[in-house]
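Enquirer: Any chance you could fold what I've pasted below:
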Amino acid sequence: MHESDEQRATAEEVIKELTEEKIWISQIVTKVEPLKRFYEAEDYHKDYFKRHPEQAYCRLVIALKVAKFQKLYLSKLKMQ
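Expert: Below you'll find the predicted structure:
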């Protein structure tokens, strides 16, 4: 979902790059559509991974995915 033409263009560009790099065997089927409504998460959901790194799911699933993503796309990430 996108709020602006810039976000739409960025999403489409990333999907194109990933498709060309053949990162996944299957075709990317993500739809890029305008954002119609946004529901903000409750406070206890916000920054969950950052606040609960000791949780098993965070350690065994999320941390590995974040590390892989950072390794592949570090040059494109905005560091805070």
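Enquirer: neighbouring contacts of stretch 50-60?
Expert: By CB atoms under 8 Å, 6 or more residues apart in numbering, the residues outside stretch 50-60 that reach it are 48-49, 63. The C-beta positions use only the backbone N, C-alpha and C, and glycine is treated the same way.
Enquirer: From one end of it to the other, what's the distance?
Expert: 14 Å (CA to CA, to the nearest Å).
Enquirer: For the nearest residue to residue 77 once chain neighbours are set aside, what is the enclosing helix or strand?
Expert: Ranked by CB to CB, 6 or more residues apart in numbering and with sequence neighbours excluded, the top spatial neighbour of residue 77 is residue 70, at 6.7 Å. According to DSSP states H and E, residue 70 maps onto helix 63-73.
Enquirer: and residue 40, what is it in contact with?
Expert: Here residue 40 is in contact with no residue (CB under 8 Å, 6+ apart).
Enquirer: By mean pLDDT, which helix or strand of this structure comes out lowest?
Expert: Counting by mean pLDDT, DSSP states H and E, the chain has its least confident helix or strand at helix 63-73, which shows a mean of 89.
Enquirer: List the buried residues for it?
Expert: By neighbour count with 16 or more other CB atoms under 10 Å, helix 63-73 contains no buried residues.
Enquirer: okay, it in CSV with CA atoms only?
Expert: The C-alpha coordinates for helix 63-73 follow below in CSV (Å, rounded to 0.1, in the frame of the first residue of the first chain):
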residue,chain,number,x,y,z
ALA,A,63,16.6,-11.7,14.1
LEU,A,64,17.7,-14.1,11.3
LYS,A,65,15.4,-12.4,8.8
VAL,A,66,16.6,-8.9,9.8
ALA,A,67,20.3,-10.0,9.6
LYS,A,68,19.8,-11.5,6.1
PHE,A,69,17.9,-8.4,5.0
GLN,A,70,20.6,-6.0,6.3
LYS,A,71,23.4,-8.1,4.7
LEU,A,72,21.6,-8.0,1.3
TYR,A,73,20.4,-4.4,1.4
